[in-house]
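**Q** One predicted model, sequence on top.
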Protein chains: 2
Amino acid sequence: MNRTVFFVSESTGITAETLGHSLLSQFDTIDFEQVYMPYINTDLRAKALTQRMQEAADRDGVRPIVFATMLNNEIRAILESGNCYYVELFEGFVEPLSVELGVPPSRKSGRSHAITKPSYYTKRIEAINFAMANDDGIRPDNFHRADVVLIGVSRSGKTPTCLYLAMHYGLRSANYPVTEEDFERGDVPQLVWDCRHKLFALTIDPQRLQLIREERRPGSGYASLERCQEDIRMATQIYKRLQIPVLNTTSQSIEEISSHIIKALRGSGER
Amino acid sequence: MNRTVFFVSESTGITAETLGHSLLSQFDTIDFEQVYMPYINTDLRAKALTQRMQEAADRDGVRPIVFATMLNNEIRAILESGNCYYVELFEGFVEPLSVELGVPPSRKSGRSHAITKPSYYTKRIEAINFAMANDDGIRPDNFHRADVVLIGVSRSGKTPTCLYLAMHYGLRSANYPVTEEDFERGDVPQLVWDCRHKLFALTIDPQRLQLIREERRPGSGYASLERCQEDIRMATQIYKRLQIPVLNTTSQSIEEISSHIIKALRGSGER
């Protein structure tokens, strides 16, 4: 069964897409054709979209789902008039919240993902630059300036996780690849020990690691199962000595790993 | 006026945070103290959180707001019993959607940001690796393998935008820094011309650019207003020759720029 889903917004559409995706993940037996429609901010664009709804309905034999966050009543009315199951994700919460807060909503659209707090936005961009400049253990002497440092064997997921932590949470993230040299010493450099309070290890099942490394360097010793098993075994010993949290990236997404790190870093959950 | 807000979830909490943030952005006269509480997945954790709600209420003199996406009725009941204004962001949509789709929800928590589609997840991770390896014009010979290529002067926002496009949309993103050498020739290399159909220019107001460059190399000629103005002027001429879309990053976030790029790339909006 195939069903078309439109994520619609007057601005970036990120909110509609995030909540819409979450809702769809509750119905994993259906194959959804997902169409992302940001900046539907004129009557003309809304009318064009109702046309596409009809095409989807004709193609699928069932009306499409529309997940929308619309602040403009006119544009919303146009969308609702289309042949679709319209779900407004935002509006229903605004009025009750306004009553609770005792102030009216601004009704400005596109505030969700705009630069509303320049200082926080700048912090995020700086964190991304920091993560780029401190990837792969390039500068362990910078670890003292980091908010979080990840340690793991090659291809265990350090780089994407660091970038996510920087981009999404504005954390200055660095990482240290634990290598042959550390295994031979059975230890990591002092600069790594020094940041133990903000150090997290990433581990991964050797079989999965082999697949990822094989993609990168097919048929190499580096990608062999034996080497992957040995790397993980040696690394795990080091993590035990360090007594740091170990997170497994085998079946967890960078979002999940990052949320665990945030929770651990901020025992209090404050931000 | 200060008001505490908790973003609560049984898993990553990304959905609660995204929609919660969007809603708060409608009330920008209030100073919200935002607390992120992922993995509230036991009665014990929920009870501990009600304790923190009470502390916030005592401190602020007004009950906190709780934005939650809870699938577990028992845990939700504990949270709702706390001294808070509880807003359930997810549940209200699930049942009506289930009726429309004609299938029951899976009721599994933590599906939203888990690896539910390994192929798409792998695509995102590969896109991040591609963006890292093709930043700052390192490999123009790789542009033919990119889904999107950004061009802009130094510090116009190319790198964070590329990383966002890769991370969020799984697009293989590369970028080309337009420099002195191009200005002297009044043109860009053939490899850049060749990817014109997926090329986007980022521009920025010279005053803003000056501030950003000043952060990086204080007092340098590179950061001078004259140099920034000249760089932007020369670059703009090149973009005109290329006849490509130009996006202004001065007051737009990477999320907004990325949404515009996605919309333009996928005239159809398909993904």
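**A** Thanks, I have the structure now. Residues are numbered from 1 along each chain as shown, chains lettered A, B, ... in the order given.

**Q** any low-confidence regions in the stretch 151-271 of chain A?
**A** Low-confidence segments of the stretch 151-271 of chain A, defined by pLDDT under 70, span residues A:267-271.

**Q** Can you tell me which residues in it are near chain B?
**A** A:157, A:159-160, A:163-164, A:167, A:251-256, A:258-260, A:262-263, A:266, A:268-271 (Cβ under 8 Å from any Cβ of the partner chain). Glycine gets a C-beta too; all of them are placed from N, C-alpha and C.

**Q** of those residues, buried ones?
**A** The neighbour-count test (16 or more other Cβ atoms under 10 Å in any protein chain shown) marks A:157, A:159-160, A:163-164, A:167, A:252-256, A:258-260, A:262-263, A:269, A:271 as buried among these.

**Q** So what does residue A:219 look like in phi/psi?
**A** The phi/psi pair for residue A:219 (degrees, to the nearest 10) reads phi 70, psi 10.

**Q** Can you list which of the residues of the stretch 151-271 of chain A next to chain B are found in helices?
**A** A:159-160, A:163-164, A:167, A:254-256, A:258-260, A:262-263 (DSSP state H).

**Q** And the helix or strand hosting residue A:226, what's buried?
**A** Using DSSP states H and E, residue A:226 sits within helix A:225-242. Buried residues in helix A:225-242, counted by 16+ other Cβ under 10 Å: A:227-228, A:231-232, A:234-235, A:238-239, A:242.

**Q** Can you tell me which of these is closest to chain B?
**A** residue A:228 (17.4 Å; Cβ to the nearest Cβ).

**Q** I am assuming the closest one contacts residue A:212, so please confirm or correct that.
**A** No: using Cβ atoms under 8 Å, residue A:228 is not in contact with residue A:212; the gap is 9.1 Å.

**Q** Which single one of the ones in helices among the residues of the stretch 151-271 of chain A next to chain B is nearest to residue A:178?
**A** Residue A:178 lies nearest to residue A:159 out of these, by Cβ to Cβ, at 14.2 Å.

**Q** isn't that closest one right next to residue B:128, touching?
**A** Yes: using Cβ under 8 Å as the test, residue A:159 is close enough to residue B:128 to be in contact (7.1 Å).

**Q** Quick check: the farthest pair among the ones in helices among the residues of the stretch 151-271 of chain A next to chain B?
**A** A:159 and A:263, at 21.3 Å, using Cβ to Cβ across these.

**Q** List of residues touching stretch A:92-103?
**A** A:104-105, B:3, B:19, B:23, B:26-27, B:29-30, B:65, B:85, B:87, B:89, B:92 (Cβ atoms under 8 Å, 6 or more residues apart in numbering or on different chains).

**Q** of those, buried ones?
**A** Buried positions within the contacts of stretch A:92-103, assessed by neighbour count (16+ other Cβ under 10 Å), are A:105, B:3, B:19, B:23, B:26-27, B:65, B:85, B:87, B:89.

**Q** I'd like to know how many residues surround the nearest residue to residue A:177 once chain neighbours are set aside.
**A** In space, and not counting its chain neighbours, residue A:177 is closest to residue A:137: 5.2 Å by Cβ to Cβ, 6 or more residues apart in numbering or on different chains. By the criterion of other Cβ atoms under 10 Å in any protein chain shown, residue A:137 has 19 neighbours.

**Q** Return the residues in contact with residue A:191.
**A** By Cβ under 8 Å, 6+ apart, the neighbours of residue A:191 are A:140-141, A:143-144.

**Q** Let me fix that, I meant to ask about residue A:13.
**A** A:7, A:36-39, A:69, B:259.

**Q** now it: how far from residue A:81?
**A** From residue A:13 across to residue A:81, the span is 20 Å (Cβ to Cβ, to the nearest Å).

**Q** same thing with residue A:121?
**A** 37 Å.

**Q** Neighbour count: the two, which is higher?
**A** Using other Cβ under 10 Å as the criterion, residue A:121 and residue A:81 rank with residue A:121 on top: 16 against 13.

**Q** Let me know the helix or strand that that one is in.
**A** Assigned by DSSP H and E, residue A:121 falls in helix A:118-133.

**Q** Dump that helix to CSV, restricted to CA.
**A** Presented in CSV, the C-alpha positions along helix A:118-133 are these (Å, rounded to 0.1, in the frame of the first residue of the first chain):
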residue,chain,number,x,y,z
PRO,A,118,21.8,35.7,17.5
SER,A,119,24.1,34.7,20.4
TYR,A,120,22.9,31.1,20.5
TYR,A,121,23.0,30.9,16.6
THR,A,122,26.6,32.2,16.7
LYS,A,123,27.4,29.7,19.3
ARG,A,124,26.1,26.9,17.1
ILE,A,125,28.1,28.1,14.1
GLU,A,126,31.3,28.4,16.2
ALA,A,127,30.7,24.9,17.5
ILE,A,128,30.5,23.6,14.0
ASN,A,129,33.7,25.3,13.1
PHE,A,130,35.3,24.0,16.2
ALA,A,131,34.2,20.4,15.4
MET,A,132,35.6,20.7,11.9
ALA,A,133,38.9,22.0,13.2
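
**Q** how many degrees apart are the very next helix or strand once past it and helix A:225-242 in direction?
**A** Downstream of helix A:118-133, the next assigned helix or strand under DSSP H and E is strand A:148-152. Relative orientation of strand A:148-152 versus helix A:225-242 (axes from the mean of the first three to the mean of the last three Cα atoms, to 10 degrees): 140 degrees.

**Q** Run through the bridge partners of the closest residue to residue A:154 other than its chain neighbours.
**A** Distance criterion Cβ to Cβ, 6+ apart; nearest residue to residue A:154, sequence neighbours excluded, is residue A:177 at 5.7 Å. Counting by DSSP bridges, residue A:177 is bridged to residue A:152.

**Q** Does residue A:177 touch residue A:136 like I think?
**A** Yes: between residue A:177 and residue A:136 there is a contact at 5.7 Å, judged by Cβ under 8 Å.

**Q** tell me the mean pLDDT over stretch A:16-24?
**A** Mean pLDDT, computed over stretch A:16-24, is 94.

**Q** gap between it and the chain center?
**A** Here the centre of stretch A:16-24 is set off from its chain's centre by 14 Å, with Cα atoms, centre = their mean, to the nearest Å.

**Q** does residue A:66 count as helix, strand or coil?
**A** strand (DSSP: H, G, I helix; E, B strand; the rest coil).

**Q** so it sits right up against residue A:8, yeah?
**A** Yes: with contact defined as Cβ under 8 Å, residue A:66 reaches residue A:8; the gap is 5.8 Å.
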